[in-house]
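**Student:** what follows is a predicted structure for the sequence shown.
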Amino acid sequence: RIRGLQRGFAGSGIRFEAGDSVATSNNAQGGAAGVARTLDHGIWPDCLIAYSDAAALGVYAELRRRNLEPGRDVPVASFDDISIAEMLLPPLTSVATYPRLIGRQAAQRLLDRIGNPAIQAGRALIEPALKVRASTALWRPRT
C-alpha cells in the first residue's frame, strides 16, 4: 500500500513521505498506537492514511483521546471500505478493494481451469474505488 501511495502521489505536488509511516498491527489498537507515536514525535500530518478501516477505528479513538476531531483537525482516510466506514462520525473516506468480488472471480477462474485444463491462465483487474466522505472533506495541504 505504501508503494501504491508513493506512485499515486508522484507528480501531484503533494508530498508523501514513506518514512513518516508507522508500522503497527492491523487493528484498532495498532491504529491508535501509530497515531500516538506520530503525534508524540511532534509530527502534525496533513492527513492520516490508515492501513485498513479497522486500524482507522483506533486512529479516530486516539485523536479523540487527545481532544482532536477526525476530519476537522486531522483528515483521515483508509482502505477496505467496510460497512461501518460510512456510519462513523464523521463518515470515513476509504478505498473499496472488493475482496469478495476478487475471491469469487478467483474461485470461478480456478473452477473453470479445473473443468477445462486447456484454458490459459490470465489476469483480471478489479479497479478499487475511492469513497470520499466527510473525514477528508476539509483536507487542504498545509502551507
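**Tutor:** Looks like it arrived, so ask away.

**Student:** can you find the helix or strand of this structure with the lowest average pLDDT?
**Tutor:** One helix or strand of the chain scores below all others by mean pLDDT, DSSP states H and E: helix 2-9, with a mean of 80.

**Student:** that helix: what's the following helix or strand?
**Tutor:** Moving toward the C-terminus from helix 2-9, the next helix or strand (DSSP states H and E) is helix 28-40.

**Student:** how far off centre is that following helix?
**Tutor:** 15 Å (CA atoms, centre = their mean, to the nearest Å).

**Student:** count of neighbours near residue 10?
**Tutor:** Neighbours of residue 10 under the rule other CB atoms under 10 Å: 9. Quick note: C-beta positions are derived from backbone N, CA and C, even for glycine.

**Student:** and residue 51, by the same measure?
**Tutor:** 23.

**Student:** also the one 10 residues further on?
**Tutor:** By the other CB under 10 Å criterion, the neighbourhood of residue 61 contains 16 residues.

**Student:** ok, longest helix in the protein?
**Tutor:** Counting by DSSP state H, the longest helix found in the chain is helix 99-115.

**Student:** helices or strands next to that helix in the packing?
**Tutor:** Helices and strands touching helix 99-115, by 3 or more CB pairs under 8 Å, 6 or more residues apart in numbering; DSSP states H and E: there are none.

**Student:** one step back: run through who's touching the least confident helix or strand of the chain.
**Tutor:** 15-16, 18, 21, 49 (CB atoms under 8 Å, 6 or more residues apart in numbering).

**Student:** put the alpha carbons of that helix into PDB.
**Tutor:** Taking C-alpha atoms only, helix 2-9 is exported to PDB below (Å, rounded to 0.1, in the frame of the first residue of the first chain):
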ATOM      1  CA  ILE A   2       2.900   2.400   0.700                       C
ATOM      2  CA  ARG A   3       4.300   1.800  -2.800                       C
ATOM      3  CA  GLY A   4       0.900   2.400  -4.300                       C
ATOM      4  CA  LEU A   5       0.600   5.600  -2.300                       C
ATOM      5  CA  GLN A   6       4.000   6.700  -3.400                       C
ATOM      6  CA  ARG A   7       3.100   6.100  -7.100                       C
ATOM      7  CA  GLY A   8      -0.200   7.700  -6.700                       C
ATOM      8  CA  PHE A   9       1.100  10.900  -5.200                       C
END
